[in-house]
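[1] 3D, please:
(2 chains)
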Amino acid sequence: MSSPVRVRFAPSPTGFLHVGSGHSALANWMVARQTGGEFLLRIEDTDAERNRPELVDNVLEMLEWLGLTWDGTPVHQSARGELYADAAQTLVAAGAVYFCDCTGEQVQARNKESGGKPGYDGHCRDRGLVAGPGRAARFRTPDEGRTGWTDLVRGDVTFANADIEDFVVLRGSGAPMFLLANAFDDADMGITHVIRGEDHVNSTPKYLLLLDALGLSRPTAFAHMPLLVNESRKKLSKRRDDVSMSDYRDRGYLPEAMVNYLALLGWGPADGVEVRPISEIVDLYRLEDVNASPAFFDQKKLSFVNAEHIRALPTDEFQARAIPFLTLGDPAREALATLAVEAQERVRTLAEVEPMIEFLIVDEPTVDEASWTKAITKGRNVVEMLDASIARLEALDADQWIPAPIQEAIGAAALDAGLVNAEGKPQLSKAQGPVRVALTGRTVGLPLWESITVLGRERTLSRLRATRGRLE
RNA sequence: GCCCCCAUCGUCCAGCGGCCUAGGACACCUGCCUUUCACGCAGGUAACACGGGUUCGAAUCCCGUUGGGGGUACCA
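    Numbers count the residues shown, from 1 in each chain, chains lettered A, B, ... in the order given. Next comes the predicted model:
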C-alpha cells in the first residue's frame, strides 16, 4: 500500500474517546502518514437524541494528545442533512427503498409469533406506501446473490443477500440513519480505505448495497480491525471497563506510550522491537499483517511500555511532564527538581511521582503499617541503630551534608549498633531500614543518602528523634 | 435462533509446508548486581483446542467438531 490513501476516523459523540476507538483511529492515521495520504475526521452526529456536542471536544482533544493530527476541518454530519435527503431521493426514484409504518413493537410481535427471529420481516415491502410523516424508508435488499468484499485483515467476507434484512435508511422523522450518511459520506469524501472495528463487519454488506444503489463507487479497500477485549474476552465497554482515553492521560500515561501500546494490539513489528517511537512503527505497519482475532487490552503491559517511555525522556522533559501531576505546589516542584533522576527510573506513570517525593513535602510522613512492622517492630537493633544514626549525623558539618559523607555516617552508625557482616563491614541493607521508615514512612523508596541530603539536617534529625521517641 | 469472524505460552506478538526438540515481549518464579525499591543481567515455568484429510513432510493447506467473540435497532 504505497499510493496515498484517503482515510477517515468517524466517531459518534456519544461518549468520551474510548481506547478501542483510539486503536482504530491510530490505524487510520498510521496508514495515512505512511503513504503520504490524508487522515480525515467526520463527526457522526445524525442521532439528535443521543448526540452530546460537548463530547466532540473530548474526542478532538484526545486525538491531539495522542498526536493523531488530522487533515482539513472535521465534517459534521448534522450539517449535511440536505445531502442525505438528496441521496435518499435518489433511492426513492430508483425504487431501491420503500416506505414502512411498522413500529418496533409490531415488528417484534410478528417475529415472536413466527419463531422469534430478529430483524425486519418485510411486512411493508409490497404495500406501496408513499412517503409520509412517521414512515421510514427501508432499503429493499436483494433476495438472491451474495454481497462481499476482500478485507485487508480478514480476507474474503461474503453474506447471502437473503440474510440481510430490509434496513432503515431514513427515519420516520426524515432524518438519515447511520448507514446512509456513513456510506454516502465515504463516497462523497473520496475515502479509499475504510478502516474500522470488527463490530462493523455485519453492516458492511448493507453499506455496499447502498453505495451500489446510489450509483456511487465502493472504497478500494476495507480493513476491519480486531476488537479490544477485557479479561473475560468481551468487547471493551464503557460501563464495566477502563476505557476512557482521558482517564489514562489523567493517570499519568504518556501519549507516546499509549500509541505505541495500541499499535501492538493486533500487530507486531517483524524485528521484535516492541517499544519504539511511533515514527518507526508508521514505517513498519501493514494492515495486511494485522491479526483478525480480538486482543486483550493489558494494562500491565501498557504500564511497562509507559515506564520505558518515561525512562527514555530527557530528565528536564520528564520533570516538565510530571509537574501537572503534582498537587502539593511549589514544594513539590522543588522536591522533584532535586530527585528527578532518581524518580524517573522508578515510576511507571507520572502519577506515581508525587507519592515518591511526598516525604519531602509533608510535615509528617504517613507511616505505612507494614513497613513499620517490618523495619521497626521486627527489625534488629533498631533502637541502637536510631541512636547511633542520630549521633553520627549530628556530628556531620554543614558542608558534609551530601550523599557520600551521609553514607559513611550511616555505615558507622551500623557498626556502632552492631549491624556487622562477616567481613566486619556494616550491613547497610539492615541498617537503612529503620532510618528509611523514620524519614519516609516506608521501607521502599528513593535512594536513602540522596533523600537525606535533600530532606536536610533539621528534618532528618527531628524525624529520627521522633521515631526513637516512639520506642521508649 | 440466524448471520459473520476468530482459534500458537496466563497475555500480546513471531511463525505463511521442511530452518520448530515452536521464537520474542509482558506478567510470574529463581539467582546475580545492590543502601530499600527500580533498572540491568543470567536463568526458569508456560502454548500449536480436538478429529479427519492433503503431502515424502503440517503450528503452517482443506474439511468437520468444539470453544470464543461480534452482529442481529426508525444507535453508531
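[2] the stretch 1-150 of chain A: helices as residue ranges?
    A:19-35, A:54-66, A:81-93, A:104-113 (DSSP state H, counting those that start in this stretch).
[3] which of those helices sits closest to A:Ile452?
    Among the helices of the stretch 1-150 of chain A, the nearest to A:Ile452 by CB to CB is helix A:54-66 (38.3 Å). C-beta here means a position set from N, CA and C on the backbone, and glycine is covered the same way.
[4] buried residues in that closest one?
    Neighbour-count burial for helix A:54-66, counted by 16 or more other CB atoms under 10 Å, picks out A:Leu55, A:Val56, A:Asn58, A:Val59, A:Leu60, A:Met62, A:Leu63, A:Trp65, A:Leu66.
[5] tell me the secondary structure at the residue of the stretch 251-400 of chain A found nearest RNA strand B.
    Of all residues in the stretch 251-400 of chain A, A:Gly268 sits closest to RNA strand B, at 1.6 Å by CB to the nearest atom of the strand. Three-state call for A:Gly268 (DSSP: H, G, I helix; E, B strand; the rest coil): coil.
[6] go ahead and confirm it touches A:Val275.
    No - using CB atoms under 8 Å, A:Gly268 is not in contact with A:Val275, being 11.9 Å away.
[7] now for the two: what residues contact both?
    Common neighbours of A:Gly268 and A:Val275 are not found (criterion: CB atoms under 8 Å, 6 or more residues apart in numbering).
[8] what's next to the lowest-mean-pLDDT helix or strand in chain A, contact-wise?
    Least confident element among the helices and strands of chain A, by mean pLDDT, DSSP states H and E: helix A:104-113 (a mean of 85). By CB under 8 Å, 6+ apart, the residues outside helix A:104-113 that reach it are A:Lys117, A:Pro118, A:Gly119, A:Tyr120, A:Asp121, A:His123.
[9] what residues of that helix count as buried?
    Applying 16+ other CB under 10 Å to helix A:104-113 flags A:Val107 as buried.
[10] okay if I get the helices of the stretch 1-150 of chain A as a markdown table plus distance to RNA strand B?
    Formatted as a markdown table, the helices of the stretch 1-150 of chain A follow (distance: least, CB to the nearest atom of the strand, whole Å):
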| stretch | distance to RNA strand B |
| --- | --- |
| helix A:19-35 | 10 |
| helix A:54-66 | 12 |
| helix A:81-93 | 11 |
| helix A:104-113 | 5 |
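[11] and those: which comes nearest A:Ala332?
    Of all the helices of the stretch 1-150 of chain A, helix A:54-66 sits nearest to A:Ala332, with 23.3 Å by CB to CB.
[12] which residues of chain A fall in strands?
    Here chain A has its strands, by DSSP state E, at A:6-9, A:38-43, A:75-76, A:97-100, A:136-139, A:146-151, A:155-160, A:168-170, A:193-197, A:221-225, A:228-229, A:295-296.
[13] just checking, what packs against the third one?
    To tie it back to what came earlier, the one meant is strand A:75-76. strand A:38-43 (3 or more CB pairs under 8 Å, 6 or more residues apart in numbering; DSSP states H and E).
[14] what about the strand it packs on and RNA strand B, touching?
    No - judged by CB under 7 Å from any atom of the strand, strand A:38-43 makes no contact with RNA strand B; its nearest approach is 8.4 Å.
[15] so how far is that strand from its chain's centroid?
    In terms of CA atoms, centre = their mean, to the nearest Å, the centre of strand A:38-43 is found 20 Å from the chain centre.
[16] filter the contacts of helix A:104-113 down to the ones near RNA strand B?
    A:Lys117, A:Pro118, A:Gly119, A:Tyr120.
[17] residues of stretch A:383-401 that come out buried?
    A:Glu384, A:Met385, A:Leu386, A:Asp387, A:Ala388, A:Ser389, A:Ile390, A:Arg392, A:Leu393, A:Trp401.
[18] could you measure from the fourth one over to A:Leu471?
    The gap separating A:Asp387 from A:Leu471 is 10 Å, by CB to CB, to the nearest Å.
[19] which parts of the stretch 251-400 of chain A are helices?
    In the stretch 251-400 of chain A, the segments counted as helices under DSSP H, counting those that start in this stretch are A:255-263, A:278-284, A:299-312, A:315-322, A:329-344, A:353-357, A:369-372, A:382-394.
[20] by contact count, what packs against the second one?
    Translated: helix A:278-284. helix A:19-35, helix A:255-263.
[21] where does confidence bottom out across the buried residues of helix A:54-66?
    Ranked by pLDDT, the buried residues of helix A:54-66 bottom out at A:Leu55 (91).
[22] mind listing what the residue nearest to that residue when sequence neighbours are not counted touches?
    Distances taken as CB to CB, 6 or more residues apart in numbering put A:Pro13 closest to A:Leu55, at 4.2 Å, once the chain neighbours are dropped. By CB under 8 Å, 6+ apart, the residues touching A:Pro13 are A:Ile43, A:Glu44, A:Asp45, A:Asn51, A:Arg52, A:Pro53, A:Leu55, A:Val56, A:Val59.
[23] got it, and A:Ile361?
    With CB under 8 Å, 6+ apart, A:Ile361 has these contacts: A:Leu328, A:Pro331, A:Ala332, A:Ala335.
[24] okay, now the last one: neighbour count?
    Read it as A:Ala335. Neighbourhood size, A:Ala335 [other CB atoms under 10 Å]: 23.
[25] isn't it right next to A:Leu455, touching?
    No - using CB under 8 Å as the test, A:Ala335 is too far from A:Leu455 to be in contact (9.5 Å).
[26] between these two, which contacts overlap?
    By CB under 8 Å, 6+ apart, the residues touching both A:Ala335 and A:Leu455 are A:Leu360.
[27] and the gap between A:Gly215 and A:Pro426?
    A:Gly215 is 86 Å from A:Pro426, by CB to CB.
[28] need the contact list for the closest residue to A:Leu446 other than its chain neighbours.
    Distances taken as CB to CB, 6+ apart put A:Glu342 closest to A:Leu446, at 4.7 Å, once the chain neighbours are dropped. Applying CB under 8 Å, 6+ apart, we find A:Glu342 in contact with A:Leu446, A:Pro447, A:Glu450.
[29] ditto for A:Arg240
    Contacts of A:Arg240 were listed using CB under 8 Å, 6+ apart, and they are A:Asn230.
[30] would you mind measuring from it to RNA strand B?
    Separation of A:Arg240 from RNA strand B (CB to the nearest atom of the strand, to the nearest Å): 11 Å.
[31] next, give phi and psi for that residue.
    phi -110, psi -10 (degrees, to the nearest 10).
[32] circling back to that earlier point, turn the ones next to RNA strand B among the contacts of helix A:104-113 into JSON lines, columns for pLDDT and neighbour count.
    Listed next are those as JSON lines, based on pLDDT from 0 to 100; neighbours: other CB atoms under 10 Å:
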{"residue": "A:Lys117", "pLDDT": "73", "neighbour count": "9"}
{"residue": "A:Pro118", "pLDDT": "78", "neighbour count": "10"}
{"residue": "A:Gly119", "pLDDT": "85", "neighbour count": "12"}
{"residue": "A:Tyr120", "pLDDT": "91", "neighbour count": "20"}
